[in-house]
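Novice: dropping the sequence and predicted coords here.
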Amino acid sequence: MEGNLAPVLYDEPRTELIDGKVVAMSPGGTANHNAIILNFSFLFRYYLHGKPCRPFGDGMNLYLTKKDHFIPDFMIVCDKNKIKGGGHHVEGAPDLVIEVLSPSTAQYDRGHKKNVYERCGVREYWIVNPVERSVEQYVLEDGAFTLRGVYYHYRAYELDDMTDEEKAEVVTEFHPAIFEDMPVRLEDVFYYV
């Protein structure tokens, strides 16, 4: 990593630097957006207890390049040396980044941010869609993200419309590639959504 990645301080408390351009973030997420972030915080906090990896919820600054300073919805950092500024920001690739889509951020989360996460070596990236109630799981393999799976949490009426064979194929949980022994149940991810 080249030089100091600490950013110029901006007047706005909720801005990101995306490809060198200051982009204002929405002032706050929806109830569903916040519920999903809290659910991930709860799930990972207990799994990571006593382990070297540390979870960070919405609000922690992430400096990846001189032109890309993001505030991910959720991330996990296993190398404590990446936590800088007295614990005020992270420099370098986290092990897992989760972004929850909103209309104002979807193009960045699926486009430029995803490319930067990949290029900088984020080991795993999840895109969560609260409307579709889905999680896309990307895993870094040979320097490129590979889609491991797209997982849906079906509503009761959707399950009622399925045949028994279709219901038998519904995936209800998946595992982070970086923590293969940790089940992530979709009903827990979308609790209160």
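Specialist: Nice, I can see it. Numbering: from 1, shown residues only.
Novice: mind checking the longest helix of this structure?
Specialist: Counting residues, the longest helix found in the chain (DSSP state H) is helix 31-48.
Novice: that one: which residues count as buried?
Specialist: With burial defined by 16 or more other C-beta atoms under 10 Å, the residues of helix 31-48 counted as buried are 32, 33, 34, 35, 36, 37, 39, 40, 43, 44, 47, 48. In short, each C-beta sits where N, CA and C put it, glycine included.
Novice: swap in stretch 114-121?
Specialist: 114, 116, 117, 118, 120.
Novice: how near is residue 84 to residue 64?
Specialist: Using C-beta to C-beta, to the nearest Å, residue 84 is found at 13 Å from residue 64.
Novice: kindly report the same for residue 149.
Specialist: Taken as C-beta to C-beta, the span from residue 149 to residue 64 is 25 Å.
Novice: same check on residue 118?
Specialist: For residue 118, the distance to residue 64 equals 11 Å [C-beta to C-beta].
Novice: residue 77 bridge partners, please.
Specialist: residue 54 (DSSP bridges).
Novice: so what's the residue count around it?
Specialist: 23 (other C-beta atoms under 10 Å).
Novice: okay, it: pLDDT?
Specialist: For residue 77, the pLDDT comes out at 98.
Novice: thinking it is in contact with residue 89, fair?
Specialist: No - counting by C-beta atoms under 8 Å, residue 77 stays clear of residue 89, with 10.8 Å between them.
Novice: and the contacts of the longest helix of the chain?
Specialist: Here helix 31-48 makes contact (C-beta atoms under 8 Å, 6 or more residues apart in numbering) with 28-29, 54-55, 57-58, 73-74, 76, 98, 100, 102, 128, 130, 179, 182, 184, 188-193.
Novice: quick one, which of those are buried?
Specialist: 29, 54-55, 57-58, 73-74, 76, 98, 100, 102, 128, 130, 179, 184, 189-190, 193.
Novice: what ranges do the helices span in this protein?
Specialist: Ranges of helices in the chain, per DSSP H, are 31-48, 106-110, 112-120, 156-160, 164-168, 186-189.
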